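**Q** Here you go, sequence then predicted model.
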Amino acid sequence: MASMYEIENLLVEIQQRTDAAKAASRFLATETVTEPIGGDLGTVVVSGYGELLDITLVHDKLRYTTENALGEQLRAVGRAPLPRRTSSTSIT
């Protein structure tokens with residue numbers, strides 16, 4: 001059977017992990033990630049949870065691409081590994 005000291009230590013560890021998870025969740029809720037679309041066609045902005053927030057296209061560049069090529073560029077952004085962080089949010 002665990003001693004009272006071991007139980008107290010376990011409770012402290014659980015509280016620390018819970019606090020860390022809450023902080024990470026708050027961070028992701030405010031984080032945004034901006035990724036360029038290949039061919040300088042624009043940018044895609046997603047939330048820290050991966051939810052699409054915005055797509056900005058450079059209209060002058062669109063005349064030099066096709067629907068299929070633009071679709072491929074957007075899919076490539078979605079498959080990109082770990083995007084660059086643009087938010088100044090920090091975990092405290």
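**A** Looks like it arrived, so ask away. Since the model is a prediction, treat every value here as computed from it, not as a measurement. Numbering: from 1, shown residues only.

**Q** Buried residues in the worst-scoring helix or strand of the chain on mean pLDDT, which are they?
**A** Taking mean pLDDT, DSSP states H and E as the measure, the chain has helix 67-79 as its least confident helix or strand, at a mean of 87. Residues of helix 67-79 classed as buried by neighbour count (16 or more other CB atoms under 10 Å): 70, 73-74, 77. C-betas here are computed from N, CA, C, even on glycine.

**Q** Stretch 29-42 too?
**A** Result for stretch 29-42 [16+ other CB under 10 Å]: buried residues 31-35, 37-38, 41-42.

**Q** now this protein, which segments are flagged as low pLDDT?
**A** Along the chain, the model assigns pLDDT under 70 to residues 80-92.

**Q** so where do the strands sit in it?
**A** 32-37, 42-47, 52-57 (DSSP state E).

**Q** rewinding a little: can you dump the C-alpha coordinates of the least confident helix or strand of the chain into PDB?
**A** Provided in PDB are the C-alpha atoms of helix 67-79 (Å, rounded to 0.1, in the frame of the first residue of the first chain):
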ATOM      1  CA  GLU A  67      -6.800  25.300 -61.300                       C
ATOM      2  CA  ASN A  68      -5.100  22.000 -61.000                       C
ATOM      3  CA  ALA A  69      -1.700  23.500 -60.300                       C
ATOM      4  CA  LEU A  70      -3.200  25.800 -57.600                       C
ATOM      5  CA  GLY A  71      -5.000  22.800 -56.000                       C
ATOM      6  CA  GLU A  72      -1.800  20.900 -55.900                       C
ATOM      7  CA  GLN A  73       0.000  23.800 -54.300                       C
ATOM      8  CA  LEU A  74      -2.700  24.100 -51.600                       C
ATOM      9  CA  ARG A  75      -2.500  20.400 -51.000                       C
ATOM     10  CA  ALA A  76       1.300  20.600 -50.600                       C
ATOM     11  CA  VAL A  77       0.800  23.300 -47.900                       C
ATOM     12  CA  GLY A  78      -1.500  20.900 -46.100                       C
ATOM     13  CA  ARG A  79       1.000  18.100 -46.200                       C
END
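
**Q** mind checking how far that helix is from the chain centre?
**A** Counting by CA atoms, centre = their mean, to the nearest Å, helix 67-79 is centred 19 Å from the centre of its parent chain.
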